[in-house]
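[1] here is a sequence together with a model predicted from it:
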Amino acid sequence: MKAIALVPGTHNVQMLDVDEPKITAPDEVKIKMWQVGICGTDREQVEGGRADAPIGKDRLIIGHEMFGQVVEVGSAVTKVAPGDFGVFTVRRGCGQCDACTANRSDMCFTGKYTERGIKAADGFQAAYVVDKEQYVVKVPESIKEIGVLTEPMSVAAKAIEEALLVQESRLKDFIKNDNCKKALVAGIGAIGLMAAFALRLRGAHVVGMDVVDEDTLRPQILKQIGGTYVDGRKVETTNLDEVCGVADFIFEATGIAQLQVELIDALAINGVYVATGIPAGSRPQTINAGNLMQQLVLKNQIVLGSVNAGMEHFKIAVADLEASLQQWPDAIQQIITERLPYTQFSKALHQHNANEIKVVVDWT
């Protein structure tokens, strides 16, 4: 079968002929690939960035945002059947820590996890994939046209779920008040827009910030779902609270270190800030640490990081995609801006235009 593989640490990414995987255990599921999304991680990898081949191999099959159809299951599988649509989660546990043995490898304590398509485990840019039933999430046929958005939506779902759990624990009934409903989403690419959809579904007023013109696609989608757009080129980050009001919840999806720190200035009393972007490079940043720490302490604020997602977050993501398609069908479908056949994988990885949000590689 065909697969797209990379020599880690190089620009050498090619389409290869590899053996088609087979079910070898009663708890395994085989999926025929439909689509695989391209994200910043994929593009970083093909530019020589972070990627690790499986042990004993010199190449890594890339791709972690997958969607496909079940074609075969082992004798013990009950969650899905041939003909169902589904996705596999990305991370595989270390098998040592309490989080991983509880199927919460997204919270691995040892750091010895693997990730399909990223770290020491082949990914999903291939005609067929096989994995354990514990990693499969069934996706309704009704959302098969946007099913490939499940993984990016799961990242947003985890961040929002963690923030709500923290707030509900410490604020209890106060979290239900209207005073806790303003959210700032910094960076309205695919992940940021997924967060905007999820937050709007939960009743939040969403302010999205980016550095693109207001009449371009991303701000227009945000407006279609009732959000407000702020051009970060026209408003200083430290003045955001004066222009838009303070935010009870900040969802960061930029990966720009200086901005990540400056955004804390816009956080409200008792607010919670979740960072999901991963900054590149090691350039030192200058911050006013005294004022920052004063604010965090005196305003009872929380800053936390969130990466990857667990099984429950994937399930929440599927539900959020269903609800988004019902409520804003045109807007959610506009997130996928281009579908390219797998034979054009190089274009998908290396070329993108200003209006791109999510490009997917089509294996059908």
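    Structure's in. What do you need?
[2] find the residue at the geometric middle of the chain.
    The C-alpha lying nearest the average C-alpha coordinate of the chain belongs to residue 152 (Cα atoms, centre = their mean; 2.9 Å).
[3] next, give phi and psi for it.
    Its backbone dihedrals place residue 152 at phi -60, psi -40, with angles given as degrees, to the nearest 10.
[4] show me the contacts for it.
    Taking Cβ atoms under 8 Å, 6 or more residues apart in numbering, we find residue 152 in contact with 37, 39, 65, 190, 191, 194, 358. Quick note: C-beta positions are derived from backbone N, CA and C, even for glycine.
[5] let's go with 6 Å and repeat that
    Shown in contact with residue 152 (Cβ atoms under 6 Å, 6 or more residues apart in numbering): 190, 191, 194.
[6] the first one: neighbour count?
    Neighbours of residue 190 under the rule other Cβ atoms under 10 Å: 28.
[7] likewise for the last one?
    Number of residues near residue 194 (other Cβ under 10 Å) recorded here: 32.
[8] per-residue confidence for it?
    The per-residue pLDDT reported for residue 194 equals 98.
[9] likewise the first one?
    Confidence per residue is given as pLDDT, and for residue 190 that number is 97.
[10] separation between it and residue 221?
    The gap separating residue 190 from residue 221 is 11 Å, by Cβ to Cβ, to the nearest Å.
[11] residue 38 now?
    When Cβ to Cβ is the yardstick, residue 38 and residue 221 sit 18 Å from each other.
[12] so what secondary structure elements neighbour the helix or strand hosting residue 184?
    Residue 184 is located in strand 182-186, with elements delineated by DSSP states H and E. With contacts defined as 3 or more Cβ pairs under 6 Å, 6 or more residues apart in numbering; DSSP states H and E, the packing partners of strand 182-186 are helix 190-201, strand 205-210, strand 247-252.
[13] from the chain's centroid, how far away is that strand?
    Using Cα atoms, centre = their mean, to the nearest Å, the mean C-alpha position of strand 182-186 is found 17 Å from that of the whole chain.
[14] what does stretch 74-83 give?
    For stretch 74-83, the distance between its averaged C-alpha position and the chain's averaged C-alpha position is 27 Å (Cα atoms, centre = their mean).
[15] ditto for stretch 345-364
    Between the mean C-alpha location of stretch 345-364 and the chain-wide mean there is a distance of 16 Å, by Cα atoms, centre = their mean.
[16] from one end of it to the other, what's the distance?
    Taking Cα to Cα, to the nearest Å, stretch 345-364 runs 14 Å from one end to the other.
[17] quick one, strands of the stretch 51-200 of the chain?
    The residue ranges that make up the strands of the stretch 51-200 of the chain, judged by DSSP state E, counting those that start in this stretch, are 60-61, 65-73, 85-88, 91-92, 114-116, 120-121, 128-132, 136-139, 182-186.
[18] adjacent strands (with direction) for the last one?
    Partner strands and pairing direction for strand 182-186 (DSSP bridges) are strand 205-210 (parallel), strand 247-252 (parallel).
[19] with mean neighbour count and mean pLDDT added, can I get those in TSV?
    Converted to TSV, those look like this (neighbours: other Cβ atoms under 10 Å; pLDDT from 0 to 100):
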stretch	mean neighbour count	mean pLDDT
strand 205-210	24	96
strand 247-252	27	96
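[20] tell me the spacing between residue 308 and residue 266.
    Distance, residue 308 to residue 266, by Cβ to Cβ: 26 Å.
[21] mind checking which of these two has more residues around it?
    The residue with the greater number of neighbours, taking residue 308 and residue 266 and applying other Cβ under 10 Å, is residue 266; the counts read 24 against 21.
[22] hmm, residue 242 and that one touching each other?
    No: judged on Cβ atoms under 6 Å, residue 266 makes no contact with residue 242 at a distance of 9.2 Å.
[23] cool, thanks, signing off.
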